[in-house]
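Student: Model the following, please.
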Amino acid sequence: MQFIKEKDYYKKILEKELEYFFELSLPCGAVGMYPPAVNSYSGFDLPEIDGIKPEEYTRWPSSRIISYFSDTSVLGAIRADAALGTEVAKEKVLAYLEWYMRHMNTKESDLSGVAGTVYDYQIFTSPDGRTVELTEHDMYESQYPNGGNPHDYDSTDSYAAMFIQLLYEYAKTYDKDYLTDKKDTVQTLVDVLMSTYIEKLDLTIAKPTYPACYLMDNCEVYCGFVSAKDIFTEFLPDSEKAAFCAEKAEKVKNAINKRMWIEKDKCFTAAVSDRGVSMYTIDLKEFYPQASCQLFPLIFGLMDPADERAAVIMDRFKKDFGTSWMTFGVGTYPWCLLVRGVLAYGDYEFAGKYIDAVNRRFIKRTHSAPYYNSESGSIMIAAAELYALAPEEEPASEPEDESSAEPVSEPVTEEVSAPESEPVSEPEAGESAGKLPLIIAGIGAAAVAAAVISILFFKKRSKK
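Tutor: Numbering: from 1, shown residues only. So this is what the prediction gives:
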């Protein structure tokens, strides 16, 4: 097929990214955003945990765990194994699934009383194998003496939806009996989706404390319901539960097309309120979230690439951001996730050029920041798809070596410091969400990079 290279090219990318995935995987099973590294936590009044004082564990390498990003990394590893016909990632993938399920909140432990949610964590690992796990809510608690600590999870809908997909993909790829005793777990995750599902809209709000229905999240929720339907059909036969999830998936899909598509602008709104009103004044020159979110219906299978809207979306994206996205100039991060939408549309030439650029800039340069676990996961997903389509021919020549690759500027590092301001208020309709001060721990000695900034944009808005 034209524009697709030989299998060996994609095989090398997959193997390299699997090595990076192993580097990110912690002994406890969690998958960090960056390789563990010693970081500064000046200004934080941290608790003693299991008899270990903060003066000790903050000297250990640490990693930041946001399960949404970890999920994409793990999904990439599963797809890489499936494409290559190997099981080299199985043990690490299983360890992550078990870690996630151990950390699913009960109604009592969740701040909003929703069983099955998972907090964001900082995990410290000592040289002798001890582990300290600290929720970011507890980490920031001393900074909010009057209450209102917003640090819990970026969303509940996306986290649960993507983990349901992981459970399905693990069972399909590695072990068809894995889910035999996990029916209650799967149902709990479906209940998390339903906990923020608005019946009158057939959409989910991001989390109980943030009443916004995001296009990105709801595309993922659609995927989660489809995966749950497949689990209850293929691995845990239950026709009633399968029918329920199939119905919800279809309703979410229809609601996205009905309530979020704006015909006069030929685009989706990035979010609607819990009343169904668009929260944004349409501006498709704004990469995040308005332009980037347009590709999510393609990425998660809600939009047929033959749909005339898909051509409008892709042509506009290439015109407005094709060059800047290809050269990593659209924001703090590479946004590798979007290549999955390009592939879903069938533009192999555009996708191939982007993967080449990522290979030169990040994969062949020791995965320097701001390339993090989710970026790698999306590249594995894309490379696995192309590997399956690639011809069996002589090995492809390597892209230009590091000496001839484009120069990479040295990042500026900053210490992690306590936030100075009060919690950011929720955005008004038409405004993007407040920026959340984040700790980025565990970036690696060679990559304490642009990701170490006090305020970050990740896959979507920071909603707090």
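Student: if I read this right, L236 contacts V186, doesn't it?
Tutor: Yes. Using C-beta atoms under 8 Å, L236 makes contact with V186 at a distance of 6.7 Å. Where C-beta positions appear, they are placed from N, C-alpha and C, glycine not excepted.
Student: Now do the strands in this structure.
Tutor: Taking DSSP state E, the strands of the chain run over residues 62-65, 121-125, 131-135, 197-198, 203-204, 212-214, 261-262, 267-268, 271-273.
Student: hey, which of those strands is tucked in deepest?
Tutor: Across the strands of the chain, averaging neighbours per residue (mean count of other C-beta atoms under 10 Å) puts strand 203-204 on top, at a mean of 30.
Student: Could you name the helices and strands sitting against that one?
Tutor: Under the contact definition 3 or more C-beta pairs under 8 Å, 6 or more residues apart in numbering; DSSP states H and E, strand 203-204 sits against strand 197-198, helix 215-230, helix 239-255.
Student: go again using 10 Å as the cut-off
Tutor: helix 157-173, helix 183-195, strand 197-198, strand 212-214, helix 215-230, helix 239-255 (3 or more C-beta pairs under 10 Å, 6 or more residues apart in numbering; DSSP states H and E).
Student: That one: partners in the sheet, and parallel or antiparallel?
Tutor: Counting by DSSP bridges, the strands paired with strand 203-204 are strand 197-198 (antiparallel).
Student: List of residues touching the partner strand?
Tutor: 157, 191, 203-205, 211, 213, 218, 221, 225, 248, 251-252, 255, 272, 274-276 (C-beta atoms under 10 Å, 6 or more residues apart in numbering).
Student: returning to what we had before: mind putting the helices and strands packed on strand 203-204 into TSV with distance to D45 and mean pLDDT?
Tutor: Formatted as TSV, those follow (distance: least, C-beta to C-beta, whole Å; pLDDT from 0 to 100):
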stretch	distance to D45	mean pLDDT
helix 157-173	27	99
helix 183-195	31	99
strand 197-198	38	99
strand 212-214	32	99
helix 215-230	33	99
helix 239-255	42	99
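Student: picking that back up, ok, L236 and V186, which is more surrounded?
Tutor: Set side by side, L236 and V186 show more neighbours around V186, with 23 against 18, by other C-beta atoms under 10 Å.
Student: nearest spatial neighbour of the more buried one, skipping sequence neighbours?
Tutor: Closest residue to V186 in three dimensions, ignoring its sequence neighbours and counting by C-beta to C-beta, 6 or more residues apart in numbering: I231, at 5.6 Å.
Student: do the same with F350
Tutor: V342 (5.3 Å).
Student: what separates that neighbour from D356, distance-wise?
Tutor: Separation of V342 from D356 (C-beta to C-beta, to the nearest Å): 13 Å.
Student: Likewise for D110?
Tutor: For D110, the distance to D356 equals 44 Å [C-beta to C-beta].
Student: out of those two, which sits in the busier spot?
Tutor: Neighbour count, other C-beta under 10 Å: between D110 and D356, D110 has more, with 21 against 16.
Student: which residues sit in contact with that one?
Tutor: For D110, the residues meeting the contact criterion (C-beta under 10 Å, 6+ apart) are M104, G116, T117, V118, Y119, D152, Y153, T156, V192, S195, P208.
Student: picking that back up, residue contacts, the residue nearest to V186?
Tutor: 164-165, 167-168, 171-172, 179, 182-183, 186-187, 189-190, 237-238, 241-242, 245.
Student: And the pLDDT for it?
Tutor: Turning to I231, the model gives it a pLDDT of 99.
Student: From what I see, I52 and S126 are in contact.
Tutor: Yes. The criterion here is C-beta atoms under 10 Å, and I52 meets it with S126 at 8.6 Å.
Student: Give me the local confidence score for the residue nearest the centre of the chain.
Tutor: The chain has F69 as the residue nearest its centroid, 3.3 Å off, counting by C-alpha atoms, centre = their mean. Here the pLDDT value assigned to F69 is 98.
Student: Please name the residues that touch the closest residue to it other than its chain neighbours.
Tutor: Nearest residue to F69 in three dimensions, chain neighbours excluded: S374, at 3.9 Å (C-beta to C-beta, 6+ apart). Contact analysis of S374 by C-beta under 10 Å, 6+ apart lists 31, 33, 66, 68-73, 75-76, 333, 335-337, 458-459.
Student: just so I know, which of the helices and strands packed on strand 203-204 lies nearest K7?
Tutor: helix 157-173 (19.2 Å; C-beta to C-beta).
Student: elements contacting the closest one?
Tutor: Here helix 157-173 touches helix 67-84, helix 90-102, helix 183-195, strand 203-204, strand 212-214, helix 215-230, going by 3+ C-beta pairs under 10 Å, 6+ apart.
Student: how about 7 Å then?
Tutor: helix 67-84, helix 90-102, helix 183-195, helix 215-230 (3 or more C-beta pairs under 7 Å, 6 or more residues apart in numbering; DSSP states H and E).
Student: Give me the contact list for that helix.
Tutor: Helix 157-173 has contacts (C-beta atoms under 7 Å, 6 or more residues apart in numbering) with 67-68, 71, 74-75, 78, 81-82, 93, 97, 100, 116-118, 153, 178-179, 186, 189, 192-193, 196, 204, 206, 217, 220-221, 223-224, 227-228, 230-231, 235.
Student: Any of those residues buried? List them.
Tutor: Using 16 or more other C-beta atoms under 10 Å as the burial test, these include 67-68, 71, 74-75, 78, 81-82, 93, 97, 100, 116-118, 153, 178-179, 186, 189, 192-193, 196, 204, 206, 217, 220-221, 223-224, 227-228, 230-231, 235 as buried.
Student: low-confidence ranges in the stretch 1-150 of the chain?
Tutor: For the stretch 1-150 of the chain, the stretches with pLDDT under 70 are 1.
Student: isn't T269 right up against T281?
Tutor: No. Between T269 and T281 there is no contact under C-beta atoms under 7 Å: 9.5 Å.
Student: These two - which one has more neighbours?
Tutor: Between T269 and T281, counting by other C-beta under 10 Å, T269 is the more crowded of the two (22 against 11).
Student: Brilliant, that's me finished.
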